[in-house]
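**Student:** Pasting the sequence and the predicted model now:
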Amino acid sequence: MRPERRRAASTGLANLLEFSALRLERPACSGAYARPALLDESREVSATIPKLVGDEKQSRRFFVSGLVQGVGFRLFAQREAEKLRIGGYARNLLDGRVEVLAIGSSAQLDEMKNALERGPRFSSVSGVREEAAHHDPRYEKGFVIEPDV
């Protein structure tokens, strides 16, 4: 496996962009008057770009309501976040909701919202309210369960 493919595969990046480029072949003879390669002598080369240029990290806060406390919802949120490779936290609120701060790409955050709407096995989610959040670098590297508020 080529080094750039091995690196991309080892990081487990879900959003890989494949593209093809044409590379002209060098002439077979090595004389001073070797003719330049023609386009029909070219071959296709593939390269992998591990991150899209416009794929910046965003922060969103989700407030999950319903039967979401005492059913393992925060642990469920943590496991989903780890699968999606996003940072943030989950914590219980005094009013019975669960607050989830998530930091990742737009696509990752959409997947996280879908998971929160589904919830763990014994939960019953009645709604997920979403709002933009200030970026907190403390939670960028991983997802934690915070103490209740």
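**Tutor:** Great, that's in hand. Numbers count the residues shown, from 1 in each chain.
**Student:** in the protein, which segments are predicted with low confidence?
**Tutor:** Residues of the chain that meet the criterion pLDDT under 70 lie in 1-55.
**Student:** Go again with 50.
**Tutor:** Along the chain, segments meeting pLDDT under 50 span 3-25, 53-54.
**Student:** which residues of it fall in helices?
**Tutor:** Along the chain, counting by DSSP state H, helices occupy 3-11, 73-84, 106-118.
**Student:** Make CSV out of the ones you listed and add mean neighbour count.
**Tutor:** Where you see a C-beta, it was placed from the backbone N, CA and C, and this is true even at glycine. Output for the helices of the chain, formatted as CSV (neighbours: other Cβ atoms under 10 Å):
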stretch, mean neighbour count
helix 3-11, 12
helix 73-84, 20
helix 106-118, 17
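**Student:** Would you map out the domains in the chain?
**Tutor:** Domain ranges of the chain: 3-49, 58-145, per automatic domain parsing.
**Student:** Let me know how buried the nearest residue to Ala77 once chain neighbours are set aside is, in neighbour terms.
**Tutor:** Closest residue to Ala77 apart from its sequence neighbours, by Cβ to Cβ, 6 or more residues apart in numbering: Ala90 at 4.1 Å. Residues near Ala90, counting by other Cβ atoms under 10 Å, number 24.
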